[in-house]
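> Could you work out the structure for the sequence below:
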Amino acid sequence: MLGPVRGRKSSRERILDAAAELVRAIGSGRLTLDAVAERAGLSKGGLLYNFPSKEALLQAMVQRLVDEVAAEREALRAQAEPGRNLEARLCTAALLKLRQGKTKEVASGMLAASAENPRLLDPVREVIKATLENLKATSDDLDAALVGWLAIEGLNSLEMHDLTPFSEEEHQRVVEAVNCLLRKGIAE
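Down below sits the predicted model:
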């Protein structure tokens, strides 16, 4: 069986893109399958073939975000300088990409949707557990790796909830301090 034509998105990808656009524009609570189908240029039946329910669509959106962060981490690996706490540096750098552009808004929308259905975040919970295990297994300085990871998760959380008290300059200072911590470790 042949896959999609190169350069042309599958109907599944078009649906996920359309849903992400709508979540950014109107939020996940007001997202409807009819609106997603219309935005994707498909019939509702075409949408339901790929995603039989709104919950299935939201789950796929969360999984897509998880996959994007994992792909970003691997892309960063090719450019990363070897050295201390490599996995923690890759993890924090990939997480920082979440705050850029469309991804942050979709992630915020998915977080809001999880208030009604906490199971939506099950893939995220699994990634967090796996990340912790990976950091435990690979870090040259586990304390520095954990503090750095938690600091970036905290920054992202504040931003996703529109609670950050930090200016862009202060945010950057925190990121630079985390990067220094991960490269040099915690002084005893």
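
> Lowest mean pLDDT among the helices and strands of the protein, which one is it?
The least trusted helix or strand in the chain, going by mean pLDDT, DSSP states H and E, turns out to be helix 101-113, with a mean of 76.

> Nearest the geometric middle of the protein, what residue?
Residue closest to the average C-alpha location in the chain (C-alpha atoms, centre = their mean): Leu65, at 4.3 Å.

> Once you drop chain neighbours, what's closest to that residue?
Residue nearest to Leu65 in three dimensions, not counting chain neighbours: Ala107, with 5.7 Å by C-beta to C-beta, 6 or more residues apart in numbering. All C-beta spots, glycine's among them, are computed from the backbone N, C-alpha and C.

> Same check on Lys184?
Nearest residue to Lys184, sequence neighbours excluded (C-beta to C-beta, 6+ apart): Arg84, at 7.4 Å.

> ok, longest helix in this structure?
helix 54-77 (DSSP state H).

> Going by neighbour count, list what's buried in it.
Judged by neighbour count (16 or more other C-beta atoms under 10 Å), helix 54-77 contains these buried residues: 54, 57-62, 64-65, 68-69, 72-73, 76.

> Show me the contact partners of the next helix or strand after it.
Remark: after helix 54-77, the chain's next helix or strand is helix 86-97, criterion DSSP states H and E. By C-beta atoms under 8 Å, 6 or more residues apart in numbering, the surrounding residues in contact with helix 86-97 are 69-70, 72-73, 76-77, 80, 103, 131, 134-135, 138-139, 144-145, 148-149, 151-153, 156, 175, 178-179, 182-183.

> So for helix 86-97, mean pLDDT?
Helix 86-97 shows a mean pLDDT of 93 in the predicted model.

> could you check the angle helix 54-77 makes with it?
Here helix 86-97 runs at an angle of 130 degrees relative to helix 54-77 (axes from the mean of the first three to the mean of the last three C-alpha atoms, to 10 degrees).

> List the buried residues of helix 86-97.
Buried-residue list, helix 86-97, by 16+ other C-beta under 10 Å: 86-97.

> Low-confidence ranges, the chain, go.
Residue ranges of the chain with pLDDT under 70: 1-7, 101-102, 188.
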